[in-house]
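J.: turn this into a model:
(chains A, B, C and D)
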Protein chains: 2
Amino acid sequence: MNKYPHSTRILVALDCIVFGFDGEDLKLLLVKRNFEPEQGKWSLMGGFLEQNEDLEVATNRILYDLTGLKDIYFEEIKTFGKVDRDPVERTLSICFFALINIHAHNQDSAKAQNAYWIDLKNRPNLIFDHNKMVDLALQELQYKAALHPIGFELLPEKFTIPQLQKLYEAIYDSPLDRRNFSRKILSTNLLIDTGEKNQNSTTKKAILYQLDKEKYQSQFKAFHYFISDSMR
Amino acid sequence: MNKYPHSTRILVALDCIVFGFDGEDLKLLLVKRNFEPEQGKWSLMGGFLEQNEDLEVATNRILYDLTGLKDIYFEEIKTFGKVDRDPVERTLSICFFALINIHAHNQDSAKAQNAYWIDLKNRPNLIFDHNKMVDLALQELQYKAALHPIGFELLPEKFTIPQLQKLYEAIYDSPLDRRNFSRKILSTNLLIDTGEKNQNSTTKKAILYQLDKEKYQSQFKAFHYFISDSMR
DNA sequence: GCAAAAGTGTTGCTATTACACCCATGC
DNA sequence: GCATGGGTGTAATAGCAACACTTTTGC
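T.: The predicted structure follows:
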């Protein structure tokens, strides 16, 4: 240990932007801090990287503590490294976003962390540089979701095309044509008709689909153009 | 300083994949290590993040030391954080790639670092997890260059469309149709005809273009589809 | 004049848009 | 039966792939 001379060791945090979707709006899982510094203010969920912990392990640990979920989809965004970004001590923040099915996560885990789902559009001011992190995370989500089928991570196992459309409309904050959207999604062949229909509807019941996980895996890196350039 | 209790400070390195293009092949600027550990072996250029140094500043410092260039295009890829990735001491590596005009950089700077341009296709085995870093960097370059006009960063100020095509063919290691490529590039309106022609040619002299930097900036985030999905 | 490289043109196809119409459900 | 939301259809257009031909240059 500590054999490289003359170089400083630095505190390394992980900060996580957790996105969820309640059927209408995009939500963020935010923490009302009951600890110093900035007690009482809102922040992202985070934690410190431990000496004997792989980075991926730490990420999964933080997400599990917050949501009670394992195998969450997450993606590293950027490392924030201004010297003075944390007033207490110089701290790097490795920042990533995660997508979860808002109904699958464990409410108790969230409560234990003093975390709440907040509407993305009405989000409060966050501590430190966390506002910038959220802005960047939303940009990355919009970027990735236009090309790759990551949106499904935010939905329950079975979902309808109109639900999927509402999700995309929330992500891009703009309306999409119902008919063209449906055709585009179905043409990817990523969806399997379950034969069931959404019973929670007062009008025509929409078909419930589920993701073809094999195709999802194999086609993940292909470009799908879910959203045209002009919409983004 | 050091006010957060109970958390370990960690050594943070930056490792840089520098891409260049000599007109025929993609090149990597690699360092033949004249220091321990792994002296005599090949590695990426890197350095440590200092206590009072912003992350971006450190990145620019390392790139400047290596190439003698400022304002280099670079992009963060990922932070490598396996506990045992460096045998000497646990070290995080914030990994990024940079694109430079191979003829503009300062040979003396590179020599001072014991760095050489190596053909990407014939690259030697690298130390630690640096092979993985290069693989990932190439993937990211391919991904980004298919959608955004970053390829120009690898070319001199004035260049011809056939040169640009050779660059894209090197990046994707696959041939492109001359006529369709030309049309696609010109349709972006990113190129300005300088009126000059490439004199280093024994046959028909190609038109020298330069980048319209204003359009480059403003359209950078738009999708351009330089390369079709099937080619990637 | 000929070989080699660069510039421009055409055509058929595919994908995307911007629309309209019909069906199922609950009241 | 009617309002609401969901599923399917179509015609015009734009963009793309796969081609051939012509021009410039050095020898």
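J.: domains in chain A, by residue range?
T.: Split into domains by automatic domain parsing, chain A comes to A:11-147, A:157-231.
J.: can you put those in JSON lines and add mean pLDDT, distance to B:Met133 and mean neighbour count?
T.: For glycine as for every other residue, the C-beta is placed from the backbone atoms N, C-alpha and C. Shown next, in JSON lines, are those (pLDDT from 0 to 100; distance: least, CB to CB, whole Å; neighbours: other CB atoms under 10 Å in any protein chain shown):
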{"stretch": "domain A:11-147", "mean pLDDT": "95", "distance to B:Met133": "14", "mean neighbour count": "18"}
{"stretch": "domain A:157-231", "mean pLDDT": "94", "distance to B:Met133": "19", "mean neighbour count": "14"}
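J.: so which of those domains gets nearest chain B?
T.: Chain B sits nearest to domain A:11-147 of all the domains of chain A, at 2.5 Å, using CB to the nearest CB.
J.: and DNA strand D, is the closest one touching that?
T.: No. Shown here: domain A:11-147 not in contact with DNA strand D (CB under 7 Å from any atom of the strand), separated by at least 10.6 Å.
J.: listing partners with orientation, what would you give for the lengthiest strand in chain A?
T.: Assignment by DSSP state E gives strand A:9-21 as the longest strand of chain A. Applying DSSP bridges to the sheet, strand A:9-21 is found paired with strand A:26-32 (antiparallel), strand A:45-48 (antiparallel), strand A:91-99 (parallel), strand B:9-21 (antiparallel).
J.: so which of the domains of chain A comes closest to B:Ser7?
T.: Among those, the nearest to B:Ser7 by CB to CB is domain A:11-147 (4.2 Å).
J.: now do the same end-to-end measure for stretch A:176-193.
T.: 22 Å (CA to CA, to the nearest Å).
J.: does any bit of it sit next to DNA strand D?
T.: Yes. Stretch A:176-193 reaches DNA strand D (CB under 7 Å from any atom of the strand) through A:Arg178, A:Arg179, A:Asn180, A:Ser182, A:Arg183.
J.: returning to that earlier point: can you put the domains of chain A in JSON lines and add distance to B:Gln217?
T.: What follows is those, written out as JSON lines (distance: least, CB to CB, whole Å):
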{"stretch": "domain A:11-147", "distance to B:Gln217": "17"}
{"stretch": "domain A:157-231", "distance to B:Gln217": "17"}
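J.: just the residues of stretch A:176-193 next to DNA strand D: which are in helices?
T.: Mapping the residues of stretch A:176-193 next to DNA strand D onto helices (DSSP state H) picks out A:Arg178, A:Arg179, A:Asn180, A:Ser182, A:Arg183.
J.: so which of those residues would count as near DNA strand C as well?
T.: Subset of those in contact with DNA strand C: A:Arg178, A:Arg179, A:Asn180, A:Arg183, counting by CB under 7 Å from any atom of the strand.
J.: need the nearest residue in space to the first one, chain neighbours excluded.
T.: Spatially, and ignoring its direct neighbours in sequence, A:Arg178 is nearest to A:Gln165 (6.7 Å; CB to CB, 6 or more residues apart in numbering or on different chains).
J.: which stretches in chain A count as helices?
T.: Secondary structure of chain A (DSSP H): helices at A:55-67, A:107-112, A:130-147, A:161-172, A:178-187, A:213-218.
J.: can you redo these as CSV with distance to B:Asp86?
T.: Shown next, in CSV, are the helices of chain A (distance: least, CB to CB, whole Å):
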stretch, distance to B:Asp86
helix A:55-67, 13
helix A:107-112, 34
helix A:130-147, 27
helix A:161-172, 39
helix A:178-187, 45
helix A:213-218, 32
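J.: of those, which is nearest B:Lys221?
T.: In terms of CB to CB, the element of these nearest to B:Lys221 is helix A:130-147, at 8.5 Å.
J.: does anything pack onto the closest one? Which helices or strands?
T.: Here helix A:130-147 touches strand A:9-21, strand A:73-80, strand A:91-99, helix A:161-172, going by 3 or more CB pairs under 8 Å, 6 or more residues apart in numbering or on different chains; DSSP states H and E.
J.: of all the ones you listed, which lies closest to A:Asn106?
T.: Between A:Asn106 and these, the tightest spacing by CB to CB is seen for strand A:9-21, at 12.7 Å.
J.: span of stretch A:117-133 from start to end?
T.: With CA to CA applied, stretch A:117-133 spans 17 Å between its terminal residues.
J.: from the rest of the structure, what touches it?
T.: Identification of contacts with stretch A:117-133 by CB atoms under 8 Å, 6 or more residues apart in numbering or on different chains yields A:15, A:17, A:19-20, A:22, A:25-30, A:33, A:37-38, A:41-44, A:77, A:80, A:82, A:85-86, A:93, A:95, A:102, A:134, A:138.
J.: then stretch A:25-36?
T.: Residues contacting stretch A:25-36 (CB under 8 Å, 6+ apart): A:17-21, A:39-45, A:66-67, A:102, A:110, A:113-121, A:123-124, A:126-127, A:134, A:170-171.
J.: who are the contact partners of the residue nearest to A:Arg178?
T.: Contacts for A:Gln165 (CB under 8 Å, 6+ apart) come out as A:Leu176, A:Arg178, A:Phe181, A:Ser182.
J.: turn these into a markdown table, columns for distance to A:Leu147.
T.: Shown next, in a markdown table, are those (distance: CB to CB, whole Å):
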| residue | distance to A:Leu147 |
| --- | --- |
| A:Leu176 | 16 |
| A:Arg178 | 22 |
| A:Phe181 | 16 |
| A:Ser182 | 19 |
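J.: kind regards, and thank you for your time.
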